[in-house]
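got a predicted structure plus its sequence, pasted below:
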There are 2 protein chains.
Amino acid sequence: MTDRSFHHGNLRLVLLEAAADTLREQGLDGLSLRELARGAGVSHAAPRRHFPDRQALLDALAVDGFERLTGLIVEAGHEDGRPYPQRFAAVARVFVNFATDEAALLELMFTTKSARQVPELDDAAGAFFQAIGTFYASAPGRTGRTSADEQRLRRLLVATLQGIATLAAGGRIDAAEVEQLIEDATAIFA
Amino acid sequence: MTDRSFHHGNLRLVLLEAAADTLREQGLDGLSLRELARGAGVSHAAPRRHFPDRQALLDALAVDGFERLTGLIVEAGHEDGRPYPQRFAAVARVFVNFATDEAALLELMFTTKSARQVPELDDAAGAFFQAIGTFYASAPGRTGRTSADEQRLRRLLVATLQGIATLAAGGRIDAAEVEQLIEDATAIFA
DNA sequence: ACCTGAACACCGTTCAAGT
DNA sequence: ACCTGAACACCGTTCAAGT
């Protein structure tokens, strides 16, 4: 219950939360294992018990990011009573806002560094894709069906949302243009 | 004319080309100013004359990337005689192939690190957007017109291509799925 | 103008040792 | 099991000095 309660097994969680904050506020370059250790009041070698190397920490952050984004998407797509196009636009907005607020994290999530193999990350990404697909299939007249054509359209939808999110996060388009893109995407996909 | 001809002013170019190779083969993490200097047979402080810091080198790489990609896009969109949808698919393929071959570079191009202000990069990105727009306007029946609606569609096109490219470069979809995405995007935009 | 060489303050990673 | 502390081999960046 003291300030050092992380000495009893939750150092991993403490490091992950601090890392997520740093990533949000300082970007990837500002993230140092040694500084995280200092912040947690622990030796610089202690994180190694929980993350074998720096990349393992980044992978864990990406997994958490996918899980959070998936939760947000499911929530936004689930607003019963509202017409489908409105829910569609809400899902798109959630994605884009996430990308803008967590630009560095989005990068970790969608760009696979080198030739690693990280099952947890693949699973988390798969669950995210699945959530988008499930929402998309919930449109009136589409419920239940999962034809090959719809799988393709679902992938195109993910790509489109990803592209809008990246352009928004990268600052290449402004807020008004983002809103227009969401409306146009809604017109096409909803 | 000797091996050390970069001592006469082209060290910048030598560094940029070596950096582009390293970026392609080793990714961003494998890129070190000191190692580039060693490779060029020059002291580790020499690059500083041409690039004030590491980020300046990365910015220069991103500018070059945009210029190369813009050239490829213009070329692919300009194949006279072929019907527009075929040229459209060719443009999309060029973009996606570039993203796959130069994944680390694509990241430098489309994600703005921190709050820098790099006019050359903005210009290069703007020229790229412009090239896509010019090609898009060259479609039969659209030539010359630049309505607000078409600007919006052009932006959506860029976003879609960017999303497909990112998913492909990140290894989240395979080659067959990429080709399907390009076909579906062609069906919508061409 | 352009480059060198030493120096500074950081890293990530490893490993023997402690409790 | 979990953490410490010293050590190693790297970084990026700075700066006086050389030519």
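Arrived safely. All figures in this text were calculated on a predicted structure; none of them were measured in a lab.

so for the host helix or strand of residue A:186, what gets flagged as buried?
Counting by DSSP states H and E, the element that carries residue A:186 is helix A:175-189. Buried residues in helix A:175-189, defined by neighbour count with 16 or more other C-beta atoms under 10 Å in any protein chain shown: A:177, A:178, A:180, A:181, A:182, A:184, A:185, A:186, A:189. C-beta coordinates here come from the backbone N, C-alpha and C atoms, glycine included.

closest to residue B:17 out of the residues you listed?
residue A:177 (35.3 Å; C-beta to C-beta).

separation between residue A:75 and DNA strand D?
Note on residue A:75: its distance to DNA strand D, by C-beta to the nearest atom of the strand, to the nearest Å, is 33 Å.

which positions in chain A make contact with DNA strand C?
Counting by C-beta under 7 Å from any atom of the strand, the residues of chain A lying close to DNA strand C are A:31, A:32, A:33, A:34, A:35, A:44, A:45, A:48, A:52, A:53, A:54, A:55.

okay, now the fourth one: neighbour count?
Neighbour count of residue A:34, defined by other C-beta atoms under 10 Å in any protein chain shown: 11.

thought it was touching residue A:45?
No - the pair residue A:34 / residue A:45 is not scored as a contact, 9.5 Å apart, by C-beta atoms under 8 Å.

next up, phi/psi of residue A:174, please.
Note on residue A:174: its backbone torsions stand at phi -90, psi 180 [degrees, to the nearest 10].

what's around it, how many residues?
Neighbour tally, residue A:174, other C-beta under 10 Å: 9.

related to what we said a few turns ago, residues touching the helix holding residue A:186, excluding its own?
Here helix A:175-189 makes contact (C-beta atoms under 8 Å, 6 or more residues apart in numbering or on different chains) with A:85, A:88-89, A:92-93, A:96, A:136, A:153, A:157, A:160-161, A:164, A:167-168, A:173, B:152-153, B:155-156, B:159, B:188.

in helices only, show me the residues you listed.
Mapping these onto helices (DSSP state H) picks out A:85, A:88-89, A:92-93, A:96, A:136, A:153, A:157, A:160-161, A:164, A:167-168, B:152-153, B:155-156, B:159, B:188.

still on that earlier bit, take the buried residues of helix A:175-189 and write them to TSV, including pLDDT and distance to residue B:25.
Below are the buried residues of helix A:175-189 laid out as TSV (pLDDT from 0 to 100; distance: C-beta to C-beta, whole Å):
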residue	pLDDT	distance to residue B:25
A:177	95	36
A:178	96	35
A:180	96	39
A:181	97	35
A:182	97	38
A:184	95	39
A:185	96	36
A:186	96	41
A:189	91	38
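
from those residues, which two are the most distant?
A:177 and A:189 (18.2 Å).

only whichever of the contacts of helix A:175-189 are buried, select them in ChimeraX.
To isolate the buried ones among the contacts of helix A:175-189 in ChimeraX, judged by 16+ other C-beta under 10 Å, type:
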select /A:88,89,92,96,136,153,157,160,161,164,167,168,173 /B:153,155,156,159
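
show me what the longest helix along chain A is packed against.
Among the segments of chain A that qualify as a helix by DSSP H, the longest is helix A:54-77. On a contact count with 3 or more C-beta pairs under 8 Å, 6 or more residues apart in numbering or on different chains; DSSP states H and E, helix A:54-77 meets helix A:11-26, helix A:84-101, helix A:103-110, helix A:119-137.
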